[in-house]
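**Student:** Below: sequence and its predicted model.
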Amino acid sequence: MSQPHLLTDEQMRRFISHGYLILQTDFPADFHSALSQRIVDVMTKEGNPGNNILPRVPEIREVFQNPVITGALTSVLGPNYLMHPHRHCHFTLPGRKTQSWHKDSYWGHAKVRNHHQWWAMIFYYNHAVDEELGPSGIMPGTQYYNNRTGDESEQDIHMAGKAGTFALIHYDLWHRGGANLSADRTRSMLKFQFVRMARPTVPTWDHSGAPWQVMNGDGPPNQHESIWQHQWRWLGGKDGSRPHANGNLGHAVDALRQGAQRERLQAADELGMLGAAAADAIPDLARALADDYEPVALNAAYALAGMGEPAVNALLNALSSDRKDAIRNAGYGLAAIGAPAIVGLTEQLSHPEEQTRGYA
């Protein structure tokens, strides 16, 4: 097997912030032509085989041994990742309507969302897909959201491309299938899942050694630098602590308390970048875990996580509250803190509320 083509720092930054990358394999045209014909034959003669698409079309295995794909998966899941047995060939006929936006379930498991990169998907086009055929739609930056924001921060990116185009996707990214508007053409897309088998200890992409670089407007509409920097460090095998920036603590706290939605979002993120220097803001950030706008609450959770042990009690209190959204966000923050939260989380395993126990 050829040496994997690992992702660069810039590609990893984009994947962490946007939740996807569009990449391209280098197979010759006749490979994709033969593969596409084989898929059509199986679909028309046998129906959709579901999880059995790989044994019914064994040529697909060669796709996922391509060094561009193995390099992308190694970069985000580590070198010992596994192909999950659940997979599907989306085969759409003319007239198929646009799907609703959704996140996939974890097949065989409960719907446990994880910000850390333990699970990924590949959407692969074995033939060219134009706008008329209904390319998959993806919503950048939404992999960290449990709910849709329903505002101007939502973007609909259509994944059109030639044969061999594929998207590497964080499993929890909001996505949907497009409408097949053609008169007589079918569209097929191979959706395969892959899982990480070990917590990262070192970077597994083509890492230069540089720290996280802020996106400076190159990220998705909502700013989550604290979240992105945490994911970068986790994927590099580092703990939850991080270098801290300078900023105006008082101004950020005032904006978090009284600001409009976008101001609260930015304020919580700025407090996260201040780290332990923003410890006086712990009560305000703890209240923000229940903010009606989920992106604000997530920034508050990771701001608290960036403070480390001093924020553990505030997060544990939220974990045992009666607000389901605050419980979930506190769980994310405690997971990001790591070892200093273990004792408190262990105690919460006997909490009477199921959701508290579940996130603990």
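**Tutor:** Received it, and whenever you're ready, just let me know what you need.
**Student:** same question for the longest helix anywhere in the chain, mean pLDDT?
**Tutor:** As assigned by DSSP state H, the longest helix anywhere in the chain is helix 29-46. In this model, helix 29-46 has a mean pLDDT of 97.
**Student:** roughly how far apart are the residue lying farthest from the centre of the chain and residue 39?
**Tutor:** Relative to the centre of the chain, and counting by CA atoms, centre = their mean, the farthest-placed residue is residue 45 at 36.2 Å. With the distance defined as CB to CB, to the nearest Å, residue 45 ends up 11 Å from residue 39. Every C-beta, even on glycine, is put in place using the N, C-alpha and C of the backbone.
**Student:** Residue 168 now?
**Tutor:** Using CB to CB, we find residue 168 at a distance of 21 Å from residue 39.
**Student:** Repeat that for residue 178.
**Tutor:** Residue 178 is 18 Å from residue 39, by CB to CB.
**Student:** Show the low-confidence segments of the chain, by residue range.
**Tutor:** For the chain, applying pLDDT under 70 flags the ranges 1, 107-112, 240-247.
**Student:** sorry, back to before: pull the longest helix of the chain out as CSV, backbone CA atoms only.
**Tutor:** Output of helix 29-46 as CSV, limited to C-alpha atoms (Å, rounded to 0.1, in the frame of the first residue of the first chain):
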residue,chain,number,x,y,z
ALA,A,29,-11.3,7.4,-15.4
ASP,A,30,-11.8,3.8,-16.3
PHE,A,31,-11.6,2.7,-12.7
HIS,A,32,-14.5,4.9,-11.8
SER,A,33,-16.5,3.9,-14.9
ALA,A,34,-16.2,0.2,-14.0
LEU,A,35,-17.0,0.9,-10.4
SER,A,36,-20.1,2.9,-11.2
GLN,A,37,-21.4,0.3,-13.6
ARG,A,38,-20.9,-2.4,-11.0
ILE,A,39,-22.9,-0.3,-8.5
VAL,A,40,-25.7,0.3,-11.0
ASP,A,41,-25.9,-3.4,-11.7
VAL,A,42,-26.2,-4.4,-8.1
MET,A,43,-28.8,-1.7,-7.3
THR,A,44,-31.0,-2.4,-10.3
LYS,A,45,-30.9,-6.2,-10.0
GLU,A,46,-30.7,-6.8,-6.3
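**Student:** Report the beta-bridge partners for residue 8.
**Tutor:** Going by DSSP bridges, residue 8 is paired in beta bridges with residue 206.
**Student:** list the contacts for residue 206?
**Tutor:** Neighbouring residues of residue 206 by CB atoms under 8 Å, 6 or more residues apart in numbering: 6, 7, 8, 9, 75.
**Student:** The third one: neighbour count?
**Tutor:** By that I understand residue 8. For residue 8, the count of nearby residues is 14 (other CB atoms under 10 Å).
**Student:** the strands in the chain, which residues?
**Tutor:** 20-24, 82-92, 119-124, 137-138, 157-158, 165-170, 175-176, 187-195 (DSSP state E).
**Student:** quick one, what contacts residue 172?
**Tutor:** By CB under 8 Å, 6+ apart, the neighbours of residue 172 are 19, 103, 113, 114, 115, 119, 143, 144.
**Student:** Return the set of buried residues in the longest helix of the chain.
**Tutor:** Buried residues in helix 29-46, counted by 16 or more other CB atoms under 10 Å: 31, 32, 35, 36, 38, 39, 42, 43.
**Student:** And for stretch 53-68?
**Tutor:** Neighbour-count burial for stretch 53-68 [16+ other CB under 10 Å]: 53, 54, 56, 57, 60, 63, 64, 66, 67, 68.
**Student:** Compute the distance between the closest residue to the second one other than its chain neighbours and residue 171, please.
**Tutor:** Beyond its immediate neighbours in the sequence, the residue positioned closest to residue 54 (CB to CB, 6 or more residues apart in numbering) is residue 60, lying 5.5 Å away. Summarising the geometry, the distance separating residue 60 from residue 171, computed by CB to CB, is 20 Å.
**Student:** what number of residues lie near the closest residue in space to residue 263 that isn't next to it in sequence?
**Tutor:** Distance criterion CB to CB, 6+ apart; nearest residue to residue 263, sequence neighbours excluded, is residue 255 at 4.6 Å. By other CB under 10 Å, the residues close to residue 255 number 20.
**Student:** Then residue 80?
**Tutor:** By the criterion of other CB under 10 Å, residue 80 has 10 neighbours.
**Student:** now residue 128
**Tutor:** Residue 128 has 15 neighbouring residues, counting by other CB under 10 Å.
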